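> Sequence and predicted structure, then a few things I'm wondering about:
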Amino acid sequence: MTLDRQFIEKMKNKLMEEKGRIEGELKRFANKDEHDKETYNPRFPDMTDKLEESAAEVAQFVDELALEGNFEKTMKAIDHALDKIKAGTYGICDVCKKEIDPKRLEANPSAATCVEHAK
């Protein structure tokens, strides 16, 4: 079963919507890296004179650093899926080259592999 254009367009819209949402979240606490436009760098907090506030700000920075890494990973998967749409290979497993179940794509539009090859 080959994916139809309407399904692919629906998945493209979902991918673009998710990408926009993630970019918005990243802008709240990170800046794009000037040397690598696919990378974001969380803004380090301004240190205050109060030790408790500084510790809380550093803890928040550490949390945001982890979140930023997860967002970047998701953005790369979305960009890969969008590239596959452009190339006409969306819905094809990167490993075995068989079609990915549309139900899997519906649940995760950026899935690059079939269930069998999911890590």
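Thanks, I have it. Numbers count the residues shown, from 1 in each chain.
> For this protein, just list every one of the helices.
5-29, 51-87, 102-107 (DSSP state H).
> will you turn the ones you listed into a markdown table that also has mean neighbour count and mean pLDDT?
Any C-beta I mention is one placed from the backbone N, CA and C, and that applies to glycine too. Listed next are the helices of the chain as a markdown table, based on neighbours: other C-beta atoms under 10 Å; pLDDT from 0 to 100:
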| stretch | mean neighbour count | mean pLDDT |
| --- | --- | --- |
| helix 5-29 | 14 | 92 |
| helix 51-87 | 14 | 78 |
| helix 102-107 | 14 | 96 |
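> now the residue most central in space within the chain, nearest residue through space, not along the chain?
With distances taken as C-alpha atoms, centre = their mean, T74 lies nearest the centre of the chain, 1.9 Å away. Of all residues not flanking T74 in the chain, I22 sits nearest, at 6.0 Å (C-beta to C-beta, 6 or more residues apart in numbering).
> quick one, what contacts that neighbour?
Contacts for I22 (C-beta atoms under 8 Å, 6 or more residues apart in numbering) come out as F71, T74, M75, I78.
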